[in-house]
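Novice: got a sequence here, can you build the structure:
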Amino acid sequence: MITVAIAEDHQSLVDGINLLLKYEEEISVVGTANDGEALLDIVRLKQPKVVLTDIKMPKMDGITATRIIKKEHPTIKVIAFSMFDQEDAVSQMLDAGASGYLLKNSPLEEVLNAVQIVSRGGTYFDASIDMESIQEVSEKTKEKPILSKSEREILRLIGEGKTTSEIANIRFTAVSTVEKHRKNMIRKLGLSGKGELLRYALERKYDF
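Specialist: Numbering: from 1, shown residues only. Below is the predicted model of the structure:
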């Protein structure tokens, strides 16, 4: 039996996928969620074989949720189900550990096919996605991290709720140095301010 959990913030789409899979004898939907945090609760309780998740969701995005799922349950397979076909979105899901990526305009029957293939240890990506280009982007990203080692350490501390002064004390450095690192990270990551940097740190604290 292939047990499946579905995370999608549009309930009508959840209902559609649920209805499609309902009549498949080899598949059982063990839970549905409308946000990333609820998805994690289902995964921890039910431990499905396959997770089908949107990327952009309330409370926690699908990329962060996937990273946590793969960290806690490495054998669970994850398929992204998103309207975004940008290389960056696909690359981030791959790096997070996803085994498949489907676009929301795909026929629902393709969802069934993807679940079956991924559950058997395969991979499944929407035909419109240029996987060769995506993999090149992913490899370059791994080779050249956007943030320096010091910046990643400071980002980890920000995610733990540390203030600038506390971070300076922990790292035996000046407050002005930490502030400089903060500004550099905001610029490198294309964020708009400290609030977005904190959110970024919280969402990705499992990466460090």
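
Novice: domain assignment for this protein?
Specialist: Following automatic domain parsing, the chain resolves into domains at 2-141, 149-207.

Novice: now the longest one: how far from the chain's centre is it?
Specialist: In terms of C-alpha atoms, centre = their mean, to the nearest Å, the centre of domain 2-141 is set 9 Å apart from its chain centre.

Novice: correct me if wrong: residue 58 contacts residue 35.
Specialist: Yes. Residue 58 lies in contact with residue 35 (C-beta atoms under 8 Å); the separation is 4.3 Å. Yep, even glycine has a C-beta here, placed from its N, CA and C like the rest.

Novice: so where's this protein uncertain?
Specialist: Along the chain, segments meeting pLDDT under 70 span 85, 130, 132-145, 204-208.

Novice: output the longest helix anywhere in it as CSV, restricted to C-alpha atoms.
Specialist: Taking DSSP state H as the criterion, the chain has its longest helix at helix 175-189. What follows is helix 175-189, C-alpha atoms only, in CSV (Å, rounded to 0.1, in the frame of the first residue of the first chain):
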residue,chain,number,x,y,z
VAL,A,175,28.4,44.7,17.3
SER,A,176,29.2,46.8,14.2
THR,A,177,30.7,43.7,12.6
VAL,A,178,27.6,41.7,13.1
GLU,A,179,25.5,44.6,11.7
LYS,A,180,27.7,44.6,8.7
HIS,A,181,27.2,40.9,8.2
ARG,A,182,23.4,41.4,8.5
LYS,A,183,23.5,44.1,5.8
ASN,A,184,25.6,41.9,3.5
MET,A,185,23.2,38.9,4.0
ILE,A,186,20.2,41.1,3.2
ARG,A,187,21.8,42.3,0.0
LYS,A,188,23.1,38.8,-1.1
LEU,A,189,19.7,37.2,-0.4
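
Novice: just the CA atoms of the next helix or strand after that helix, as PDB, please.
Specialist: Counting by DSSP states H and E, the next helix or strand C-terminal to helix 175-189 is helix 194-203. Extracted in PDB, the C-alpha atoms of helix 194-203 (Å, rounded to 0.1, in the frame of the first residue of the first chain):
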ATOM      1  CA  LYS A 194      15.900  42.700   9.200                       C
ATOM      2  CA  GLY A 195      12.400  41.300   9.500                       C
ATOM      3  CA  GLU A 196      12.700  39.300   6.200                       C
ATOM      4  CA  LEU A 197      16.200  38.100   7.300                       C
ATOM      5  CA  LEU A 198      14.800  36.800  10.600                       C
ATOM      6  CA  ARG A 199      12.000  35.000   8.700                       C
ATOM      7  CA  TYR A 200      14.600  33.500   6.300                       C
ATOM      8  CA  ALA A 201      16.700  32.300   9.200                       C
ATOM      9  CA  LEU A 202      13.700  30.700  10.900                       C
ATOM     10  CA  GLU A 203      12.600  28.900   7.800                       C
END
